[in-house]
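**Q** Okay, structure incoming, though there's no sequence with it:
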């Protein structure tokens with residue numbers, strides 16, 4: 001075993017991979033040791049990706065209308081979720097949606113469609129979309145996510161200019177039958193293999209918080225390593241009402257951060273993306289997570305709202321990172337001075353640098369600056385962060401400071417809170433109302449904190465609507 005995470009990181013850098021037992025021990029790191037774990041994972045992240053963050057953008061080509069029964073999915077068969085439902089966007093509509101993300105700094109556009117898998121005719125629709133997008137934005141990477149692929153379909157996508165294919169394993173093979181019955185774990189593995197055989201970069205990740213055990217989580221991460229996934233999106237369950245997993249809350253911000261660190265240790269040189277549900281579960285630890293992951297989705301998700309895109313870009317800049325492909329922000333450099341402008345103090349290597357499709361640094365030196373490209377630069381710290389959306393929220397109850405306060409005093413304090421509950425940026429109206437209501441959330445036994453469970457905010461903008469997307 002290992003003495004501490006830092007020692008294990010040095011061992012990984014020397015070429016010795018972690019074992020499942022070691023990964024499980026990392027996952028069980030106690031909260032006081034969490035920052036040591038993050039620092040060690042950050043060492044691996046900087047070695048392979050410097051101080052860059054890859055920005056990805058989702059375009060939902062077809063929403064809802066899925067006959068599969070995946071227990072986590074708001075688009076599943078007979079789900080009671082009130083999501084947007086529409087059939088295929090035209091190539092022109094899809095390109096228009098993609099451009100919102102590209103203007104926000106996205107270097108990869110992910111084209112997603114609901115359903116078990118595409119027909120050959122639908123693959124043709126996607127290839128026309130890709131050709132139109134590449135004609136206008138030849139340097140943008142395109143990742144397709146269309147479900148289970150049949151023979152020859154991956155080759156058609158590759159021939160049209162698709163760079164990568166996403167198909168998540170989602171969970172461990174030993175847990176898979178608990179979340180889906182209409183297809184198998186092996187079906188998913190076969191699709192990723194088809195994509196690899198066609199020359200597409202494999203993108204495959206997981207969803208955590210689906211009632212899996214820690215052992216099953218580790219099992220899934222090692223399966224992704226063995227599959228050779230270039231990009232590993234880590235999603236955190238958004239328990240939509242109307243799905244079998246509604247009301248499932250087994251994640252804390254600390255647990256999410258530890259999971260991301262374990263994925264980094266197991267897959268040290270792969271693109272690791274904090275994906276759907278990060279706002280809900282990581283919450284205020286998102287900037288810290290950037291020291292472990294090197295990729296995120298900008299703006300909204302397929303059927304739910306994400307953090308405001310400008311808040312994402314501000315978060316990246318404020319944490320000292322640079323969007324992959326973007327130039328430096330001159331105004332930020334003036335405000336922060338030469339030392340801060342170096343992106344955390346790491347020096348740019350003098351050796352030749354190239355990047356893989358997932359944005360990892362290759363060559364004789366791994367610097368901290370962004371690779372050259374045409375992406376937009378972040379706005380810096382001048383943009384206010386909008387983090388009003390989210391799931392379970394822990395708030396400090398000020399009544400702890402007055403342990404002898406009687407029930408009447410607490411009632412008066414609660415009434416005061418109700419009359420002054422914030423409703424602007426920083427807290428959603430629903431959360432403010434719940435915190436200030438007499439029917440408010442459950443308290444912990446020590447009466448010091450409250451845990452609020454909110455359903456994911458369903459997306460009502462972007463593709464399929466007349467409202468501009470969040471990007």
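**A** Okay, I see it. Remember, it's a predicted structure, so these values are computed and weren't measured experimentally. Numbers count the residues shown, from 1 in each chain.
**Q** Could you use CA atoms for every contact and neighbour count after this?
**A** Will do.
**Q** ok, which stretches of the stretch 51-200 of the chain are strands?
**A** Taking DSSP state E, counting those that start in this stretch, the strands of the stretch 51-200 of the chain run over residues 52-62, 108-113, 141-145, 164-166.
**Q** and those as CSV, adding mean neighbour count, distance to residue 177 and mean pLDDT?
**A** Shown next, in CSV, are these (neighbours: other Cα atoms under 10 Å; distance: least, Cα to Cα, whole Å; pLDDT from 0 to 100):
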stretch, mean neighbour count, distance to residue 177, mean pLDDT
strand 52-62, 26, 26, 96
strand 108-113, 24, 23, 96
strand 141-145, 24, 22, 98
strand 164-166, 27, 21, 98
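**Q** These: which one's closest to residue 88?
**A** strand 52-62 (4.8 Å; Cα to Cα).
**Q** Please identify the pairing partners of the closest one and their relative orientation?
**A** strand 108-113 (parallel), strand 295-297 (parallel), strand 322-323 (parallel) (DSSP bridges).
**Q** got the strands of the stretch 51-200 of the chain as TSV, with distance to residue 132 columns?
**A** As requested, those are exported to TSV (distance: least, Cα to Cα, whole Å):
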stretch	distance to residue 132
strand 52-62	14
strand 108-113	13
strand 141-145	12
strand 164-166	17
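**Q** Which among these is found nearest to residue 269?
**A** strand 52-62 (13.6 Å).
**Q** and the closest one with strand 141-145, angle?
**A** 50 degrees (axes from the mean of the first three to the mean of the last three Cα atoms, to 10 degrees).
**Q** Could you check how far strand 52-62 is from the centre of its chain?
**A** 10 Å (Cα atoms, centre = their mean, to the nearest Å).
**Q** distance of residue 196 from residue 230?
**A** 10 Å (Cα to Cα, to the nearest Å).
**Q** The two - which one has more neighbours?
**A** residue 230 (23 against 20; other Cα atoms under 10 Å).
**Q** What distance do you get for that one to residue 321?
**A** 21 Å.
**Q** same deal with residue 258?
**A** 21 Å.
**Q** which non-adjacent residue is nearest the residue most central in space within the chain?
**A** Centrality entry for the chain: nearest residue to the mean C-alpha point is residue 275, 1.1 Å, by Cα atoms, centre = their mean. Leaving out its chain neighbours, the residue that sits closest to residue 275 by Cα to Cα, 6 or more residues apart in numbering is residue 235, at 4.8 Å.
**Q** Pull up the overlap in contacts between residue 196 and residue 230.
**A** Listed as contacting both residue 196 and residue 230 by Cα atoms under 8 Å, 6 or more residues apart in numbering are residue 202.
**Q** still on that earlier bit, next up, the contacts around the residue nearest to the centre of the chain.
**A** Per Cα under 8 Å, 6+ apart, neighbours of residue 275: 233, 234, 235, 236, 296, 297.
**Q** And residue 297, by the same measure?
**A** Residues in contact with residue 297, defined by Cα under 8 Å, 6+ apart, are 55, 56, 57, 58, 273, 274, 275, 276.
**Q** Does the last one touch residue 236 like I think?
**A** Yes: judged on Cα atoms under 8 Å, residue 276 makes contact with residue 236 at a distance of 6.0 Å.
**Q** Ignoring the adjacent residues along the chain, who's closest to residue 255?
**A** Counting by Cα to Cα, 6+ apart, the residue nearest residue 255 is residue 27, at 7.9 Å.
**Q** could you pull out the helices for the stretch 101-250 of the chain?
**A** 120-136, 153-159, 185-197, 214-227 (DSSP state H, counting those that start in this stretch).
**Q** Okay, buried residues for the third one please.
**A** When you say that, I think you mean helix 185-197. Across helix 185-197, burial judged by 16 or more other Cα atoms under 10 Å covers 185, 188, 189, 191, 192, 193, 194, 195, 196.
**Q** With the second one instead?
**A** Of the residues in helix 153-159, those with enough neighbours to count as buried (16+ other Cα under 10 Å) are 153, 154, 155, 156, 157, 158.
**Q** what's next to that helix, contact-wise?
**A** Under Cα under 8 Å, 6+ apart, the answer for helix 153-159 is 120, 123, 126, 127, 194, 195, 198, 199, 200.
**Q** Select from those the one having the most neighbours.
**A** Neighbour-wise, the contacts of helix 153-159 (other Cα under 10 Å) top out at residue 126, 28 neighbours.
**Q** and that one, what does it touch?
**A** Counted by Cα under 8 Å, 6+ apart, residue 126 has contacts 91, 157.
**Q** Residue 220 now?
**A** Residue 220 neighbours (Cα under 8 Å, 6+ apart): 169, 170, 171, 172, 173, 206.
**Q** tell me the two of the residues you listed that are most distant?
**A** With Cα to Cα as the measure, no two of these lie farther apart than 173 and 206, at 11.5 Å.
**Q** Which residue of the two possesses the greater neighbour count?
**A** Using other Cα under 10 Å as the criterion, residue 173 and residue 206 rank with residue 206 on top: 22 against 16.
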